[in-house]
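Asks: Here you go, sequence then predicted model.
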Amino acid sequence: MTTAAPAAHVLTGQHFMNGDLACAEGALAAGCTFFAGYPITPSTEIAERLARRLPEIGGTYIQMEDELASMAAILGASWTGVKAMTATSGPGFTLMMENIGLGMMTETPCVVVDVQRGGPSTGLPTLVSQADVMQAKWGSHGDYEPIAYAPASPQEMFDYTIKAFNAAERYRLPVFVLADEAVGHMTERVTIPEPSEIVLAERRRPDLPPGDGWLPYGVGNDLVPAMARAGDGYAIHVTGLTHDERGYPVVESQVHERMVRRISRKVQMHAPQICEYEKIMTDDAHVIVIAYGSTARAARSAVLAAREKGIRAGMLRLITLWPFPAGAIKDLANVVRRFVVAEVNLGQVAREVERYTRSPVNWVNHAGGTMLTPEAILRGIVQVKP
Amino acid sequence: MSRETAVKSHPLDPLLRADRLPHIWCPGCGLGSIMACLSSAIAASSIPAEKHVIVSGIGCTGRVAGYMKLDSFHTTHGRAIPFATGLKLANPELEVTVVSGDGDLFAIGGNHFIHAARRNIDINVVCVNNFNYGMTGGQAGPTTPVGARTSTTPQGATEPTFNLPLLAATLGAVFVARWTSLHVRQLEKAMSRVMEKDGFSFIEVLSPCPVGFGKSNDIGDGLDEMSMYRRNGVVSHDADLTEAGIDMKHDSPIVLGNFRDVERPALGVRQ
Ligand SMILES: Cc1ncc(C[n+]2csc(CCOP(=O)(O)OP(=O)(O)O)c2C)c(N)n1
Ligand code: SF4
Ligand SMILES: [Mg+2]
């Protein structure tokens, strides 16, 4: 089901704002009416903006006692039928992993924004990093397939927060906006469209009235169950235990197998619709730079500089990190000679790229604190190891 | 459950999920009668059943959510209160009751309890205190009395315990009571009261766990522990809560009552 954005929530027009604020505005435009969070640099501006804006539109802002509670609260809120979000950075993202797992298991739509900073631990609170990519994939225990977007500008912080809500509603899971400090704090022009131009997805509701045998975890071809709200009379049971189509706990490996495979499959089978990337000058390229988030901005300059030197360079900008755009990399791997993966972590995506190509992959990275420079990436392009 | 035994039949109750019975609780466990009190209180409540929501954490007590034929959420260990906070704030029409264990609410979930009480979020919290971690086989927790033997305190517990009604009252809970699984009428009335009341309400329910606590502490089986509640229970609604700690010694009083019923501006109240 899709609708247009609620007009009163959308600040249509041209703005000059930072990525965190654009993210907050994106959430409002997506119909988010509930935010629970705990302050942490460099994401705090999202909470501050929503603390002011949500009450204006009749929504709820609550500052919880920690990120364990924030994540639990947005799951609870989501089961009343509202769109709910939290925002954090690495240390808080770590605490959220517990209830991110509950959200995956109970198939609870919501959005978690992680504005990445240097880690491990308290790391570099005010400085950039992209080192939570694998935590977004594997951070909670057990098997599940997450969806994560990596915006590269304040405009994309707005756009992809809306897409994150749409994916959460469509596929019923916590969806990540994997931003980084540079994108969160950079100020640029942000165009907020007319509400009628913003298409929103809404979770599917039960097609039977209460009492008619509707199954809370029964699915059709798309593998995504419809979702009842608390208070509507369906007497749903929602548990983090392995459960059957009724939502009842079952201690059986076959039920577990069916359930865990389905919650992974429902994302994998929709990967072609979910995966987004941008190809820049790839048609005749010999060497492809793969980058995402704020690093993609420097990578673009590096590719242009390489072209000026006569090197046939191109770029694959990843927008969804999860599901990983493996198909795009495999396709390019058939025609290009080598890859350069530029990222602000010690090779989290580079290692993933190596799984999909036999061509050489040059890892250009550092641990965080500053953005990679175009010069560093250019050196990586020029000096690609054979 | 160190020893799971199935109970064959259960009084037919429209608020129970008959298709999930028999339940997994041990013979002599207090949880069945506490759940029956909760069902009766909900059935008697002026709020329609479909607006009642049960939220539990993890543990034997946490399984209550799964047996109630209501919108029910079995969350993660310790997080029932923040999950319930989200439900209630997002839809104040719901009547949200958290039912969970002493370990869940006061060890791993202690921080959430103190903040929910401070905020005075309009939820009801029922803590089933069986003085141990029943689900995982009888380890010590924050309410295990000093000297008590559990699987992790083979020489007897040494740490001081929480006095839960005192803690809740100090934090600002607007309703504070303590009853036992024996005092079913009083318990049901207290549950009815908190469903009508705005704000953060707290009921501690003492409950036998013969497997994890009673047998290893000279108390005996479930019935023996219930007799102890009868013998030692002292109902005193205006008790000095600083004197209301529990040590579960054979000759020590167990202070019971509805200790506090006050008003304070609350969060998430239905309009
Ligand atoms: C994060 C986490 N840690 C530990 C456990 C294991 N665990 C399950 S129930 C429980 C204790 C339950 O004790 P209590 O809350 O008193 O409930 P009871 O079983 O006594 O009713 C523990 C430690 C868990 N499920 N999750
Ligand atoms: S609380 Fe104790 S008696 Fe009750 S089911 Fe659990 S282990 Fe058994
Ligand atoms: Mg216990």
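Replies: That came through fine. Ligands and ions are numbered 1, 2, ... in the order given.
Asks: drop to CA atoms for contacts and neighbour counts, all remaining ones
Replies: OK.
Asks: wait, what's in contact with A:Ile46?
Replies: By CA atoms under 8 Å, 6 or more residues apart in numbering or on different chains, A:Ile46 lies in contact with A:20-21, A:23-24, A:87.
Asks: scratch that, B:Ala49 is what I was asking about
Replies: Applying CA under 8 Å, 6+ apart, the residues contacting B:Ala49 are B:42-43, B:70.
Asks: if you set the cut-off to 7 Å instead, what comes out?
Replies: B:Ile42 (CA atoms under 7 Å, 6 or more residues apart in numbering or on different chains).
Asks: So for it, what pLDDT did the model give?
Replies: For B:Ala49, the model assigns a pLDDT of 96.
Asks: What helix or strand is the closest residue to chain B within the stretch 51-200 of chain A located in?
Replies: Nearest residue of the stretch 51-200 of chain A to chain B (CA to the nearest CA) works out as A:Ala73 at 4.0 Å. For A:Ala73, the host element (DSSP states H and E) is helix A:67-78.
Asks: Identify all contacting residues around that helix.
Replies: A:35-38, A:64, A:84-86, A:92, A:95-96, A:99, A:103, A:108-110, B:79, B:82-87, B:90.
Asks: in its sheet, what does the next helix or strand after it sit against?
Replies: Under the assignment DSSP H and E, the closest C-terminal helix or strand after helix A:67-78 is strand A:83-88. In the sheet, strand A:83-88 lines up against strand A:32-37 (parallel), strand A:110-118 (parallel) (DSSP bridges).
Asks: residue ranges for the strands of chain B, please.
Replies: Using DSSP state E, the strands found in chain B span residues B:52-56, B:71-74, B:95-101, B:124-129, B:175-180, B:201-206, B:233-235, B:254-261.
Asks: any idea of the mean pLDDT for the third one?
Replies: On average, the pLDDT along strand B:95-101 is 98.
Asks: one step back: where strands are concerned, which of the contacts of A:Ile46 count?
Replies: A:Ala87.
Asks: Between the contacts of A:Ile46, which sits nearest A:Arg297?
Replies: A:Asp20 (17.6 Å; CA to CA).
Asks: Tell me who's in contact with that closest one.
Replies: A:Asp20 sits in contact with A:43, A:45-46, A:184-185, where contact means CA under 7 Å, 6+ apart.
Asks: ok, now how distant is it from ligand 1?
Replies: Separation of A:Asp20 from ligand 1 (CA to the nearest ligand atom, to the nearest Å) stands at 32 Å.
Asks: in the stretch 251-386 of chain A, which spans are helices?
Replies: Listed in chain order, the helices of the stretch 251-386 of chain A (DSSP state H, counting those that start in this stretch) span A:253-268, A:271-274, A:295-308, A:326-335, A:348-354, A:374-382.
Asks: So for ligand 3, which of those helices sits nearest?
Replies: helix A:253-268 (27.4 Å; CA to the ion).
Asks: Tell me which residues are up against the closest one.
Replies: In contact with helix A:253-268 (CA under 7 Å, 6+ apart) are residues A:143-145, A:171, A:222-224, A:242, A:244.
Asks: Can you report how many residues lie near the one residue in chain A that gets nearest to ligand 2?
Replies: Going by CA to the nearest ligand atom, ligand 2 is nearest to A:Pro249 of chain A, at 16.3 Å. Number of residues near A:Pro249 (other CA atoms under 10 Å in any protein chain shown) recorded here: 19.
Asks: element containing the closest residue to ligand 1 within chain A, please.
Replies: Nearest residue of chain A to ligand 1: A:Glu98, at 7.8 Å (CA to the nearest ligand atom). Taking DSSP H and E as the criterion, A:Glu98 maps to helix A:90-106.
Asks: Name the residues of that helix that are buried.
Replies: Buried positions in helix A:90-106, judged by neighbour count with 16 or more other CA atoms under 10 Å in any protein chain shown: A:90-106.
Asks: rewinding a little: report pLDDT for the residue of the stretch 51-200 of chain A closest to chain B.
Replies: pLDDT at A:Ala73 comes out at 99.
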